[in-house]
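**Q** Got a predicted structure plus its sequence, pasted below:
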Amino acid sequence: MPGRVDGETAVVTGAAQGIGEAIARKLGAEGAAVVIADRQAEKAESVAADLRDEGVEALVVDCDVTDRGDTERMAARAEEEFGGVDILVNNAGVGSAGSFEDLEPDAWDLVLDVNLTGPYNCSRAVVPGMVERGHGRIINISSMAGRNISYHGAANYTASKWGLVGLTKHMAWDLGEHGVTVNAVCPGATETDLTREGTTEAERAETTEKIPLGRWADPADQAEAVLYFAADSGEFTTGTVLEVDGGQQLAQRHEI
(Lines give C-alpha, C1' and ligand atoms only; values in the text may rest on other atoms or scores of the structure.)
Protein backbone atom coordinates (compact mmCIF):
# COMPACT_ATOMS: atom_id res chain seq x y z
CA MET A 1 0.00 0.00 0.00
CA PRO A 2 1.51 3.36 -1.02
CA GLY A 3 2.57 5.73 1.74
CA ARG A 4 1.18 9.22 2.17
CA VAL A 5 4.25 10.84 0.59
CA ASP A 6 5.14 7.98 -1.74
CA GLY A 7 7.62 8.97 -4.45
CA GLU A 8 8.38 12.36 -2.90
CA THR A 9 11.81 13.62 -1.86
CA ALA A 10 12.14 15.19 1.58
CA VAL A 11 15.04 17.21 2.97
CA VAL A 12 15.10 17.35 6.76
CA THR A 13 17.68 19.58 8.43
CA GLY A 14 19.00 18.61 11.84
CA ALA A 15 17.75 15.06 11.26
CA ALA A 16 20.53 13.18 13.05
CA GLN A 17 18.67 13.14 16.36
CA GLY A 18 15.60 14.23 18.27
CA ILE A 19 12.60 15.71 16.51
CA GLY A 20 14.41 15.88 13.16
CA GLU A 21 15.26 12.18 13.31
CA ALA A 22 11.64 11.30 14.08
CA ILE A 23 10.49 13.41 11.13
CA ALA A 24 12.98 11.76 8.77
CA ARG A 25 11.90 8.29 9.91
CA LYS A 26 8.19 9.11 9.56
CA LEU A 27 8.53 10.57 6.07
CA GLY A 28 10.69 7.62 5.02
CA ALA A 29 8.15 5.15 6.38
CA GLU A 30 5.48 6.93 4.37
CA GLY A 31 7.36 6.48 1.10
CA ALA A 32 9.64 9.49 0.71
CA ALA A 33 13.30 9.44 -0.23
CA VAL A 34 15.01 11.28 2.62
CA VAL A 35 17.95 13.68 2.60
CA ILE A 36 19.41 13.99 6.09
CA ALA A 37 21.09 17.40 6.23
CA ASP A 38 23.15 17.61 9.38
CA ARG A 39 26.65 18.39 10.63
CA GLN A 40 26.80 15.32 12.88
CA ALA A 41 28.10 12.86 10.29
CA GLU A 42 28.25 9.72 12.43
CA LYS A 43 24.76 10.10 13.88
CA ALA A 44 23.34 11.07 10.48
CA GLU A 45 24.86 8.02 8.82
CA SER A 46 23.41 5.80 11.54
CA VAL A 47 19.91 7.15 10.89
CA ALA A 48 20.39 6.78 7.15
CA ALA A 49 21.58 3.17 7.57
CA ASP A 50 18.44 2.33 9.55
CA LEU A 51 16.27 3.89 6.86
CA ARG A 52 18.04 1.96 4.11
CA ASP A 53 17.53 -1.27 6.07
CA GLU A 54 13.81 -0.48 5.94
CA GLY A 55 13.94 0.01 2.17
CA VAL A 56 14.02 3.80 2.23
CA GLU A 57 16.28 5.74 -0.11
CA ALA A 58 18.40 7.90 2.19
CA LEU A 59 21.20 10.37 1.56
CA VAL A 60 23.36 12.19 4.11
CA VAL A 61 24.56 15.69 3.31
CA ASP A 62 26.94 17.56 5.59
CA CYS A 63 25.22 20.91 5.80
CA ASP A 64 25.68 24.00 7.94
CA VAL A 65 22.40 25.85 7.41
CA THR A 66 24.10 29.19 8.08
CA ASP A 67 26.40 28.63 5.08
CA ARG A 68 24.65 29.46 1.81
CA GLY A 69 27.19 27.47 -0.14
CA ASP A 70 26.31 24.41 1.95
CA THR A 71 22.57 24.85 1.48
CA GLU A 72 22.98 25.28 -2.27
CA ARG A 73 25.09 22.11 -2.41
CA MET A 74 22.43 20.32 -0.36
CA ALA A 75 19.76 21.23 -2.89
CA ALA A 76 22.06 20.24 -5.77
CA ARG A 77 22.78 16.83 -4.23
CA ALA A 78 19.07 16.18 -3.77
CA GLU A 79 18.50 17.17 -7.39
CA GLU A 80 21.26 14.86 -8.61
CA GLU A 81 20.20 11.86 -6.51
CA PHE A 82 16.41 12.13 -6.55
CA GLY A 83 15.44 14.69 -9.19
CA GLY A 84 14.50 17.55 -6.88
CA VAL A 85 13.04 18.45 -3.51
CA ASP A 86 9.31 18.12 -2.87
CA ILE A 87 9.35 18.58 0.90
CA LEU A 88 11.67 20.75 2.99
CA VAL A 89 11.56 20.52 6.77
CA ASN A 90 13.54 23.32 8.40
CA ASN A 91 14.20 21.67 11.74
CA ALA A 92 17.85 22.50 12.56
CA GLY A 93 18.06 24.82 15.53
CA VAL A 94 20.02 25.89 18.57
CA GLY A 95 19.11 27.53 21.85
CA SER A 96 20.65 29.41 24.72
CA ALA A 97 19.69 30.39 28.23
CA GLY A 98 20.07 33.36 30.52
CA SER A 99 18.63 36.83 30.99
CA PHE A 100 18.69 39.62 28.43
CA GLU A 101 21.24 41.52 30.51
CA ASP A 102 23.70 38.66 30.03
CA LEU A 103 22.94 38.08 26.34
CA GLU A 104 26.15 38.69 24.40
CA PRO A 105 26.16 39.73 20.71
CA ASP A 106 27.86 36.52 19.61
CA ALA A 107 25.13 34.41 21.23
CA TRP A 108 22.45 36.60 19.65
CA ASP A 109 24.03 36.23 16.21
CA LEU A 110 24.47 32.46 16.45
CA VAL A 111 20.89 31.68 17.43
CA LEU A 112 19.36 34.06 14.87
CA ASP A 113 21.69 32.75 12.16
CA VAL A 114 20.79 29.10 12.75
CA ASN A 115 17.12 29.39 13.68
CA LEU A 116 15.98 32.10 11.29
CA THR A 117 18.56 32.73 8.59
CA GLY A 118 19.09 28.97 8.26
CA PRO A 119 15.50 28.30 7.14
CA TYR A 120 15.76 31.24 4.76
CA ASN A 121 18.95 29.81 3.25
CA CYS A 122 17.52 26.31 2.85
CA SER A 123 14.23 27.56 1.44
CA ARG A 124 15.98 29.88 -0.97
CA ALA A 125 17.98 26.91 -2.26
CA VAL A 126 14.99 24.67 -2.99
CA VAL A 127 12.19 27.09 -3.87
CA PRO A 128 13.24 27.67 -7.51
CA GLY A 129 12.85 23.96 -8.24
CA MET A 130 9.50 23.82 -6.43
CA VAL A 131 8.21 26.81 -8.34
CA GLU A 132 9.36 25.31 -11.62
CA ARG A 133 7.49 22.07 -10.87
CA GLY A 134 4.45 23.88 -9.47
CA HIS A 135 4.51 21.88 -6.26
CA GLY A 136 6.26 22.01 -2.91
CA ARG A 137 5.83 21.69 0.83
CA ILE A 138 7.92 23.69 3.30
CA ILE A 139 7.44 23.01 7.01
CA ASN A 140 9.28 25.17 9.53
CA ILE A 141 9.82 23.87 13.04
CA SER A 142 9.29 26.84 15.32
CA SER A 143 8.49 26.48 19.04
CA MET A 144 5.96 27.41 21.66
CA ALA A 145 8.44 30.26 22.21
CA GLY A 146 7.24 31.55 18.85
CA ARG A 147 3.71 31.89 20.26
CA ASN A 148 4.64 33.36 23.63
CA ILE A 149 8.15 33.31 25.13
CA SER A 150 10.65 30.65 26.11
CA TYR A 151 10.63 30.25 29.87
CA HIS A 152 13.83 28.22 29.86
CA GLY A 153 15.58 29.86 26.89
CA ALA A 154 16.85 33.35 26.26
CA ALA A 155 15.48 36.31 24.30
CA ASN A 156 17.46 35.37 21.19
CA TYR A 157 15.66 32.01 21.03
CA THR A 158 12.24 33.62 21.46
CA ALA A 159 13.02 36.25 18.82
CA SER A 160 14.24 33.63 16.33
CA LYS A 161 11.11 31.50 16.73
CA TRP A 162 8.73 34.45 16.44
CA GLY A 163 10.67 35.48 13.36
CA LEU A 164 10.28 32.00 11.89
CA VAL A 165 6.51 32.20 12.31
CA GLY A 166 6.52 35.54 10.48
CA LEU A 167 8.73 34.14 7.73
CA THR A 168 6.36 31.18 7.39
CA LYS A 169 3.35 33.38 6.86
CA HIS A 170 5.01 35.73 4.39
CA MET A 171 6.49 32.88 2.35
CA ALA A 172 3.05 31.26 2.25
CA TRP A 173 1.61 34.49 0.84
CA ASP A 174 4.33 34.83 -1.78
CA LEU A 175 4.55 31.19 -2.90
CA GLY A 176 0.93 30.08 -2.87
CA GLU A 177 0.35 31.02 -6.49
CA HIS A 178 3.13 28.61 -7.45
CA GLY A 179 1.61 25.61 -5.69
CA VAL A 180 4.02 25.77 -2.76
CA THR A 181 2.59 25.59 0.76
CA VAL A 182 4.48 26.88 3.80
CA ASN A 183 3.45 26.02 7.35
CA ALA A 184 4.96 25.87 10.83
CA VAL A 185 4.85 23.41 13.69
CA CYS A 186 5.37 24.77 17.21
CA PRO A 187 6.42 21.94 19.54
CA GLY A 188 5.81 22.20 23.22
CA ALA A 189 7.90 20.32 25.76
CA THR A 190 9.21 17.33 23.82
CA GLU A 191 11.16 14.48 25.34
CA THR A 192 14.46 14.04 23.50
CA ASP A 193 17.98 13.13 24.58
CA LEU A 194 18.86 16.82 24.69
CA THR A 195 15.90 17.83 26.84
CA ARG A 196 16.52 14.92 29.21
CA GLU A 197 20.16 15.94 29.54
CA GLY A 198 19.29 19.60 30.06
CA THR A 199 16.60 19.17 32.74
CA THR A 200 16.20 17.39 36.04
CA GLU A 201 13.45 14.87 36.79
CA ALA A 202 11.88 17.41 39.13
CA GLU A 203 11.87 20.10 36.43
CA ARG A 204 10.27 17.74 33.95
CA ALA A 205 7.63 16.78 36.50
CA GLU A 206 6.85 20.45 37.18
CA THR A 207 6.42 21.06 33.45
CA THR A 208 4.18 18.01 33.09
CA GLU A 209 1.80 19.45 35.68
CA LYS A 210 1.20 22.41 33.33
CA ILE A 211 0.30 20.24 30.33
CA PRO A 212 -3.45 19.50 30.18
CA LEU A 213 -2.90 16.19 28.36
CA GLY A 214 -0.60 15.10 31.17
CA ARG A 215 2.65 14.24 29.41
CA TRP A 216 5.52 15.63 27.41
CA ALA A 217 5.33 15.22 23.65
CA ASP A 218 7.22 12.43 21.98
CA PRO A 219 9.20 13.38 18.86
CA ALA A 220 6.77 11.15 16.94
CA ASP A 221 3.96 13.57 17.85
CA GLN A 222 5.80 16.36 16.06
CA ALA A 223 6.53 14.08 13.10
CA GLU A 224 2.81 13.36 12.70
CA ALA A 225 2.09 17.07 12.46
CA VAL A 226 4.78 17.48 9.81
CA LEU A 227 3.32 14.56 7.85
CA TYR A 228 -0.08 16.26 7.78
CA PHE A 229 1.42 19.33 6.12
CA ALA A 230 3.68 17.30 3.80
CA ALA A 231 1.03 14.91 2.50
CA ASP A 232 -2.10 15.50 0.42
CA SER A 233 -3.94 16.17 3.68
CA GLY A 234 -2.22 19.56 3.78
CA GLU A 235 -2.85 20.49 0.16
CA PHE A 236 -5.18 23.38 1.04
CA THR A 237 -3.40 24.47 4.21
CA THR A 238 -0.79 27.21 4.05
CA GLY A 239 0.41 29.95 6.37
CA THR A 240 -0.81 27.90 9.32
CA VAL A 241 0.94 27.56 12.68
CA LEU A 242 0.14 24.33 14.52
CA GLU A 243 0.89 24.08 18.23
CA VAL A 244 1.70 20.48 19.19
CA ASP A 245 2.04 20.91 22.93
CA GLY A 246 -0.71 18.98 24.68
CA GLY A 247 -2.32 22.29 25.65
CA GLN A 248 0.80 23.64 27.36
CA GLN A 249 0.28 27.10 25.87
CA LEU A 250 -3.07 27.34 27.63
CA ALA A 251 -1.41 26.98 31.02
CA GLN A 252 1.32 29.49 30.21
CA ARG A 253 -1.14 32.12 29.03
CA HIS A 254 -3.27 31.60 32.11
CA GLU A 255 -0.24 32.17 34.36
CA ILE A 256 0.50 35.48 32.66
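**A** Cool, got the structure. Numbers count the residues shown, from 1 in each chain.

**Q** residues in contact with residue 140?
**A** Counting by C-beta atoms under 8 Å, 6 or more residues apart in numbering, residue 140 makes contact with 90, 119, 164-165, 167-168, 182-185. In short, each C-beta sits where N, CA and C put it, glycine included.

**Q** Which one of the residues you listed is nearest to residue 5?
**A** Looking at the contacts of residue 140 and their distance to residue 5, the nearest is residue 183, at 14.7 Å (C-beta to C-beta).

**Q** which residue ranges form the helices in the protein?
**A** 18-29, 41-53, 68-82, 105-112, 118-133, 155-175, 193-198, 201-208, 219-230, 248-255 (DSSP state H).

**Q** Of these, which is nearest residue 98?
**A** With distances scored as C-beta to C-beta, the stretch of the helices of the chain nearest to residue 98 is helix 105-112 (8.1 Å).

**Q** end-to-end on stretch 48-57?
**A** 8 Å (C-alpha to C-alpha, to the nearest Å).

**Q** Give me the distance from that stretch to the chain's centre.
**A** Centre-to-centre, stretch 48-57 and its host chain are 21 Å apart (C-alpha atoms, centre = their mean, to the nearest Å).

**Q** Quick one: mean pLDDT for it?
**A** Average pLDDT, stretch 48-57: 98.

**Q** Now tell me which helix or strand of the chain has the poorest mean pLDDT.
**A** Every helix and strand in the chain was compared by mean pLDDT, DSSP states H and E; the lowest is helix 248-255, with a mean of 69.

**Q** one step back: show me which pair in the contacts of residue 140 is furthest apart.
**A** The most widely separated members of those, counting by C-beta to C-beta, are 167 and 185 (13.8 Å).

**Q** Comparing the two, which residue is more hemmed in?
**A** Neighbour totals were compared for residue 167 and residue 185, and residue 185 leads with 27 against 21 (other C-beta atoms under 10 Å).

**Q** any idea how far residue 226 is from that one?
**A** Distance, residue 185 to residue 226, by C-beta to C-beta, to the nearest Å: 6 Å.
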